[in-house]
Structure formats: C-alpha cells, structure tokens
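Participant: sequence-free structure coming up:
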C-alpha cells in the first residue's frame, strides 16, 4: 500500500506515525520545527488521511506498510516516533526490523494489550461513541463545518476532541462532505486496535538493546502508567522515560515546546 506523506527539512531521517483518528496534518507544526535538524517524514497510515482504505487493519500490516514506505523512500534507517496507535505500530516494526531503527520514541502508549486493562470497557465504549457519532452525522444534509461542530460538540463537549475529530471531515470539489477516515474498517477492527502484547507474549520476547528507546508520558494521561514499565523493560531493557508536565494524551499539541525539546535532547 502506498502511503500519502508530508516531508520537512534535511538531515538524518525521522519518521512520525500518527495515532488513531489522526493524520499527517496533526503533526505539521511539530514536523516543521524538527525539520530544522532532521529530514522528517509524516505518512498518513492506512485508513487515515489521504492514504488508501482497506478492510484489513492490524499492527502487523501497519508495520509492513512502514517497511514498504521506507523502501520506497530509500530510507535505510530512521528515528521512529510513534504516538498512541502509531506507537504500537512502531513497536511492532521495531520487533520485526530492529536493523532499520536508529532510535525509537514511543509517545503515551504501552505495549500491553488494552483488552486486558481494567478500564477496557470504558476505553472501548468511548471509541464506539466516537465512531457512532461520525456514522450518524447526516453528511448529505450538512450545510457547513460550523453545523458539524455544533452536532459533534453536543455529543462530546470537549473543544479539543471535537476539533481533532472534525479534521477528518473533508469536502469534495462539488462541496459535498465526507469522512476521510475509513470508519467501517476502524470499527470492525477496534479490538485489534486496542490490542497489544499479552503478558505471555511479553515473557517470550528477548530484550532489544540495539538502539536507544524513549517512552514519553503525558503527566495527565492514563494511557501509559508506571506499572507498564515492568512490561516495557522486558522488551526494551534500556528504555528511558520522560514525563511531559501539564500534558495529556496529545502532548505534542498541548505542550509542543516541551515535547520537541525532549525529542531533541534524546536524539541529538
């Protein structure tokens, strides 16, 4: 699968993988600044942004998409940055192709299987609510983005979340609205998206130490917790942890300066 991507700057290669419901658009300002030191590639992952849609959607496939992308761009090795879903894709890639990584940066996500997490039902329910809200919006009668914002805000009275989700709402040349996101595939594969490495799988992994690894946690986020490091260190024994203060799950938007500084301090 050929992935749409944006590219910034010159220097050693860095690839940023966005999270669920995201796209390369969400990383424009961060990638532009990092492009002062690196050649930064930000692909839209399958079923997101301007990349192709597919009924098949798994972390194995996302890892293979990344491998193919690097081959197409003639990138031998890169610093891989992955946020949330993109972080899980990056971890899977690291286990398959460690020789292609100069450094690995995982942003606010654990390798654990979230289906085994105590808050799984709450997480799964939240995603079902999001996908249902998108599916139920009557795009044919929608007159403006402002109207869409009002509809979405009634369901999710969180301006940041509403604006983030509506970045997926696009218009054709004729002015008709459509979702760039492949809602059907994401909904069908939600259990896979919330999966990860089970405890048994983690116990079977051999520690990978061939490149530096940084896990970044948003201080106010519950996606990555201290107890996760028992699992993380079994896979990546030389892991560093950086907590971004006053930041939640979208730390790259909430505390951009601190986020970029942490990446540069780790990689330069």
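Facilitator: Okay, I see it. Small disclaimer: the values here were computed from a predicted structure and weren't measured. Residues are numbered from 1 along each chain as shown.

Participant: please report the distance of residue 58 from residue 242.
Facilitator: Using CB to CB, to the nearest Å, we find residue 58 at a distance of 29 Å from residue 242. Where C-beta positions appear, they are placed from N, C-alpha and C, glycine not excepted.

Participant: what about those two, which has more around it?
Facilitator: Neighbours per residue (other CB atoms under 10 Å) separate residue 58 from residue 242, with residue 242 holding more: 18 against 15.

Participant: C-terminal to the helix or strand of the chain with the lowest mean pLDDT, what's the next element?
Facilitator: The helix or strand of the chain with the poorest confidence is helix 199-204; it has a mean of 64 (mean pLDDT, DSSP states H and E). As assigned by DSSP states H and E, the chain's next helix or strand after helix 199-204 is strand 213-218.

Participant: I would like the residues contacting that following strand, please.
Facilitator: With CB atoms under 8 Å, 6 or more residues apart in numbering as the test, strand 213-218 has contacts from 103-108, 224-225, 229, 232, 236, 238-244, 247-251, 254, 259, 262-263, 266.

Participant: packing partners of the helix or strand following that strand?
Facilitator: Using DSSP H and E, the next helix or strand after strand 213-218 towards the C-terminus is helix 229-235. Counting contacts by 3 or more CB pairs under 8 Å, 6 or more residues apart in numbering; DSSP states H and E, helix 229-235 packs against helix 199-204, strand 239-244.

Participant: show me where the stretch 51-200 of the chain has its strands.
Facilitator: All strands of the stretch 51-200 of the chain, identified by DSSP state E, counting those that start in this stretch, fall at 78-83, 101-107, 169-171, 177-179.

Participant: show me what the first one packs onto, helices and strands only.
Facilitator: What it means is strand 78-83. Strand 78-83 sits against strand 13-17, helix 85-96, strand 101-107, with contacts defined as 3+ CB pairs under 8 Å, 6+ apart.

Participant: now do that strand against strand 101-107, angle only.
Facilitator: Counting by axes from the mean of the first three to the mean of the last three CA atoms, to 10 degrees, strand 78-83 lies at 10 degrees to strand 101-107.

Participant: state the mean pLDDT of strand 78-83.
Facilitator: The pLDDT scores in strand 78-83 average 98.
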